[in-house]
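Participant: sequence first, predicted coordinates after that:
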Amino acid sequence: IDRELPDKKLALYAYSFYNAPPTYAKVPDSVYVMEVQNGTAQLYYSEAFRAFHLEKRLRLWKQAASHLFFYGHPDGNGNLDLPGMNARGIRALYQNLSAAGVEGFSMNYINSFASSGLNHYLYLKLAWNPRADFDALYEDALRKCYGDAAAPLVRRYFELVEKRMEAFTLGQPFHRDLQEGKALDLNSFVQYPGVLESVYPGLHEEGMPLLRQALDAATDKGQRARLQLLADNLEYAQITVGLYGLSKKTAKAPNPTREDILRARDLATKRAAWLEAGGDTNLFSWPQAHVYAQEKCFSLPFSPAIYDF
């Protein structure tokens, strides 16, 4: 190809079974490689995974290829538009990309602004300067987005979400596999139903007081609107978690009670109404088909029709 088309370039994804870098050959300079790792929004809370990704993937690919880029789907198949800020994980990812000499960055990010709006901002800002003062960048973004008085409260709320996701991640089998020297070429990390059982239950009780204080402190109309998106997103998470808990209860019961089934149907109907009403806002991803596709992918029992009788 180089002889016939010397001015052309080839580009490829190093993904799935093809994620491991070649140690037996050098990639021609005309070939541009984009190393792919999905699920970094969770995986990068693991020190073992960060080391694996830097030393066994990024740096080895950089040795093999002159032109290395990175592509990510931060939440894997998505996060159902549940609260998902992961500022610490984003900072750690860019530290690795910079250390390995990665030239460029691309991502597939389908989550809503209410779920993780500042994630989008941080990914893109760091893509232009991965050595930027992250704390200053993050603090500036929080203050501009939510206001000086509300920013510290919002940051405390985001940290609640991060700590819960970090604890969940470090308890997964993939973390032990990496510590035992096993590879992770297919990203065996699976979010569901684990996050619905251990990350989000109780978050409403912890987080909503902070968001209410932030709303009370805000005076700018735009900042209040963005704070309200966070509060609405947390309400949606509460409905989703409650519905999942009832679905487990009714599925395990030999003879589920009519009361539990009706309660589950009521929550499923409310959740569906939230998704439909939020379709033209920043509360949910557009189109909402992304959320429905995730539910189908993981066989999550969220359709109201499941509880008809």
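Facilitator: That came through fine.
Participant: lowest confidence element among the helices and strands of the protein?
Facilitator: Least confident helix or strand, the chain: helix 173-179 with a mean of 75, by mean pLDDT, DSSP states H and E.
Participant: how far away is the residue lying closest to residue 171 once chain neighbours are set aside from residue 3?
Facilitator: Leaving aside its sequence neighbours, residue 171 sits nearest to residue 198 (C-beta to C-beta, 6 or more residues apart in numbering; 7.9 Å). For glycine as for every other residue, the C-beta is placed from the backbone atoms N, C-alpha and C. The gap separating residue 198 from residue 3 is 57 Å, by C-beta to C-beta, to the nearest Å.
Participant: for the chain, what spans make up the helices?
Facilitator: In the chain, the helices defined using DSSP state H lie at 40-43, 47-52, 59-64, 87-99, 113-128, 134-146, 151-170, 173-179, 194-198, 203-217, 221-252, 258-277, 289-297.
Participant: contacts for the shortest one?
Facilitator: Read that as helix 40-43. Residues outside helix 40-43 that contact it (C-beta atoms under 8 Å, 6 or more residues apart in numbering): 37, 49, 53, 72, 74-76, 79, 84, 86, 89, 93, 119, 165, 168-169, 174, 187, 189, 191.
Participant: how far away is the most centrally placed residue in the chain from residue 142?
Facilitator: In the chain, the C-alpha nearest the mean C-alpha coordinate belongs to residue 75, at 3.2 Å (C-alpha atoms, centre = their mean). Applying C-beta to C-beta, the value for residue 75 to residue 142 is 21 Å.
Participant: mean confidence for stretch 67-79?
Facilitator: Averaging pLDDT along stretch 67-79 yields 89.
Participant: any idea how far apart the tips of that stretch sit?
Facilitator: 31 Å (C-alpha to C-alpha, to the nearest Å).
Participant: any weak-confidence spans in the stretch 101-250 of the chain?
Facilitator: The stretch 101-250 of the chain contains residues with pLDDT under 70 at 180-189.
Participant: one more time with 90
Facilitator: Residues of the stretch 101-250 of the chain that meet the criterion pLDDT under 90 lie in 107-112, 117, 169-194, 219.
Participant: residue contacts, residue 113?
Facilitator: Going by C-beta under 8 Å, 6+ apart, residue 113 touches 120, 226, 229, 282, 283.
Participant: next: residue 67.
Facilitator: Shown in contact with residue 67 (C-beta under 8 Å, 6+ apart): 29, 31, 32, 33, 103.
Participant: what bridges to it?
Facilitator: residue 32 (DSSP bridges).
Participant: roughly how far does it sit from residue 32?
Facilitator: Distance from residue 67 to residue 32, by C-beta to C-beta: 4 Å.
Participant: now residue 246
Facilitator: Residue 246 is 50 Å from residue 32, by C-beta to C-beta.
Participant: so which of the two has more stuff around it?
Facilitator: More neighbours surround residue 246 than the other of residue 246 and residue 32, with 22 against 17 (other C-beta atoms under 10 Å).
Participant: how many other residues sit next to the nearest residue to the more buried one once chain neighbours are set aside?
Facilitator: Leaving aside its chain neighbours, residue 246 sits nearest to residue 264 (4.1 Å; criterion: C-beta to C-beta, 6+ apart). Neighbours of residue 264 under the rule other C-beta under 10 Å: 26.
Participant: next one: residue 54
Facilitator: Residue 54 has 17 neighbours, counted by other C-beta under 10 Å.
Participant: now do it, the pLDDT please.
Facilitator: 96.
Participant: let me see the contact set for it.
Facilitator: By C-beta under 8 Å, 6+ apart, the contact set of residue 54 is 96, 99, 100.
Participant: now swap in residue 14 and tell me
Facilitator: Residue 14 neighbours (C-beta under 8 Å, 6+ apart): 21, 33, 34, 35, 36, 61.
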